[in-house]
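Undergrad: this one's sequence-less:
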């Protein structure tokens, strides 16, 4: 009788131990599964940051060119001059007389700008669609479209299907413009970027607003009769973007108070490299978790933070 009871007790103990082992094993496997499925991929968000930077540089060069009103003062031989394209002093700028079109030609062998980026190919800026007699970037009604020809930036091949910038400042404020009201522009774009080393292609479309934050600073904006001093400008951007990343995955982006300060140049040998210094981009790839790129609170540096699935990573802007 005692032997039977002992056998029964041992059997129950072994059964309980087996169940406990199975439960622990299941919990361990679940924990391992949770670890392996945590999505912390960052490369696609970084690709979007590259697209943002390329698109903004294209606009920065065009805005500088359109502010002079004439290209006769532009550098065309690499020797300097008033109104030069400061980001790309080795480029040649030409225009067709009376056509309101100018071309920035970076050549075919590689033009390394003072922002440290190497470019080839051409950018073509056309502001013939402006209204209200506007011919300067600062004027309400100014409208400029941008196209490209074999344009490459640091081995990223860029095709501009369309990029349009339009000054949306109310015409009722000019002449006698009130500098307390910021100059504003609407920006739409449809761009594709082929990454180097067969890294795939990123499509990027946007619908944004740009605002000259320091319109009231007379060192930057000097009224409708004088060009904007872009080296003193602070631009704030808001709006959306979307496209398909290099993994053939749809994505969306929301920019909130993204600021670029043209007085900020954190790399001494690259005086025209102007990174984003504050604001956020929230990048959502497909149905995966959003990636938040935080550019800080105004410090002049190249660093940003990417946060995804509760984990944060430091990112250096291109």
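TA: Yep, it's here. From a predicted model like this one, the values you see are computed outputs, not experimental measurements.
Undergrad: wait, what's in contact with residue 60?
TA: Residue 60 sits next to 87, 230, 262, 274 when contact means CB atoms under 8 Å, 6 or more residues apart in numbering. C-betas here are computed from N, CA, C, even on glycine.
Undergrad: what's the burial count for the last one?
TA: In other words, residue 274. 25 (other CB atoms under 10 Å).
Undergrad: Can you check the pLDDT for the closest residue to it other than its chain neighbours?
TA: Once flanking residues are discounted, residue 274 sits nearest to residue 262: 5.0 Å by CB to CB, 6 or more residues apart in numbering. On pLDDT, residue 262 comes in at 93.
Undergrad: And the strands in the stretch 201-318 of the chain?
TA: 201-212, 234-244, 250-261, 276-285, 291-297, 303-308, 311-316 (DSSP state E, counting those that start in this stretch).
Undergrad: Redo these as CSV? Include distance to residue 145 and mean neighbour count.
TA: Putting the strands of the stretch 201-318 of the chain into CSV (distance: least, CB to CB, whole Å; neighbours: other CB atoms under 10 Å) gives the following:
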stretch, distance to residue 145, mean neighbour count
strand 201-212, 15, 19
strand 234-244, 18, 19
strand 250-261, 21, 19
strand 276-285, 25, 21
strand 291-297, 28, 20
strand 303-308, 30, 19
strand 311-316, 32, 12
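Undergrad: export the ones you listed to TSV and tack on distance to residue 191?
TA: Formatted as TSV, the strands of the stretch 201-318 of the chain follow (distance: least, CB to CB, whole Å):
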stretch	distance to residue 191
strand 201-212	5
strand 234-244	9
strand 250-261	13
strand 276-285	16
strand 291-297	19
strand 303-308	21
strand 311-316	21
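Undergrad: okay, the contacts of residue 60 in TSV with distance to residue 317 next?
TA: Output for the contacts of residue 60, formatted as TSV (distance: CB to CB, whole Å):
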residue	distance to residue 317
87	15
230	19
262	15
274	10
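Undergrad: Pick out whichever of these sits closest to residue 197.
TA: residue 87 (25.3 Å; CB to CB).
Undergrad: Any idea how many residues pack against the closest one?
TA: With other CB under 10 Å as criterion, residue 87 counts 23.
Undergrad: Return the residues in contact with residue 130.
TA: 100, 139, 141, 142, 143, 144.
Undergrad: Distance check, the last one against residue 263.
TA: Relative to residue 263, residue 144 is positioned 24 Å away (CB to CB, to the nearest Å).
Undergrad: cool, the fourth one as well?
TA: Residue 142 sits 23 Å away from residue 263 when distances are taken as CB to CB.
Undergrad: In terms of neighbours, single out the busier of the two.
TA: residue 142 (25 against 16).
Undergrad: for the more buried one, phi and psi?
TA: Dihedral angles of residue 142 (phi, psi; degrees, to the nearest 10) stand at phi -70, psi 130.
Undergrad: Quick check, it in contact with residue 134.
TA: Yes: if you go by CB atoms under 8 Å, residue 142 and residue 134 touch, sitting 4.0 Å apart.
Undergrad: And for residue 290, nearest residue in space, chain neighbours not counted?
TA: residue 284 (4.5 Å).
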